[in-house]
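>>> Sequence and predicted structure below; questions after.
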Amino acid sequence: METKKIKCDKTKENCNGHLQLDFNGNELKIFNGKEISENNKELQTKEISSAYLNIINSIGEDSSRQGLLKTPERAAKAILHFTKGYNETLQEVVKDAIFDENTDELVLVKDIEMFSLCEHHLVPFMGKVSVGYLPNKKVLGLSKIARIVEMYSRRLQVQERLTNQIADALQEILNPRGVAVIVEATHMCMVMRGVEKFNSKTVSSSMRGEFRTNPKTREEFFHLVKSN
Ligand SMILES: Nc1nc2c(ncn2[C@@H]2O[C@H](COP(=O)(O)OP(=O)(O)OP(=O)(O)O)[C@@H](O)[C@H]2O)c(=O)[nH]1
Ligand SMILES: [Zn+2]
């Protein structure tokens, strides 16, 4: 499909997606998801497929052989899945699953599986995330914690930002007395290439409120994360 790109006049932070025209001259908005229409999604898949076709040809493969014929489209769908977090917002994920509850004891959801894409090499990093918080008269539907992890990890990321974004999200929606997030991940960019350290793991944490100020609270969190 022929498309014509129009230069976006907004700063990077304010851009909601660069404008494109489809072959009928209709304006299309791509990326940063919120308003992606079906038409638009199709265009996005086609553009990414054509980029993958280029990659396959550029590495010297025969893109017309049977096994590779549908690969560009499959790969496009796969990367759209890996980055589906751009199409969601915190409010859409949490909806109204915030409940009044008179508890102030630690809530911990641990070992949440996480798959993300390293923004430097576009290869996966994966591992597990543990999220704890100290409620302040409100609790969050438990599945929403895993959904928040999913939303931020399905984007191009660095592990430290992912860790902070999860903590910030909990802070924003619950205003708890404290939030603690720990991410333990294996980066394929350090395993399959580069330094090739197969067993290395990266651990990052983000402590807010009482987890930051009170060592005992922090210790309890780490103890529960490590225990079986
Ligand atoms: N802090 C941080 N660094 C990351 C993450 N993922 C990848 N990196 C690093 O990003 C850096 C990019 O460094 P460059 O020197 O520009 O790239 P490079 O030549 O491919 O680096 P090498 O991986 O050392 O071969 C590397 O050190 C990666 O290990 C992450 O989640 N957090
Ligand atoms: Zn990397």
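Everything's here; your move. Ligands and ions are numbered 1, 2, ... in the order given.
>>> any idea how this protein splits into domains?
Structural domains annotated on the chain: 4-82, 92-226, as defined by automatic domain parsing.
>>> Need the ones you listed in JSON lines (columns: mean pLDDT).
Supplementary listing: these in JSON lines, determined by pLDDT from 0 to 100:
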{"stretch": "domain 4-82", "mean pLDDT": "76"}
{"stretch": "domain 92-226", "mean pLDDT": "98"}
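>>> tell me the most buried of those domains?
Of all the domains of the chain, domain 92-226 carries the top mean neighbour count, a mean of 17, counting by mean count of other CB atoms under 10 Å. (C-beta placed from N, C-alpha, C; glycine too.)
>>> Show the end-to-end separation of that domain, please.
By CA to CA, to the nearest Å, the extent of domain 92-226 from end to end equals 32 Å.
>>> what distance separates that domain from the centre of its chain?
The gap between where domain 92-226 is centred and where its chain is centred comes out at 12 Å by CA atoms, centre = their mean, to the nearest Å.
>>> Not counting residues beside it along the chain, what's closest to residue 196?
residue 190 (7.5 Å; CB to CB, 6 or more residues apart in numbering).
>>> Mind telling me what element that neighbour is part of?
Residue 190 is located in helix 188-191, with elements delineated by DSSP states H and E.
>>> That helix packs against which elements?
In this structure, helix 188-191 makes packing contacts with strand 124-134, judged by 3 or more CB pairs under 8 Å, 6 or more residues apart in numbering; DSSP states H and E.
>>> and with 10 Å instead?
On a contact count with 3 or more CB pairs under 10 Å, 6 or more residues apart in numbering; DSSP states H and E, helix 188-191 meets strand 107-118, strand 124-134.
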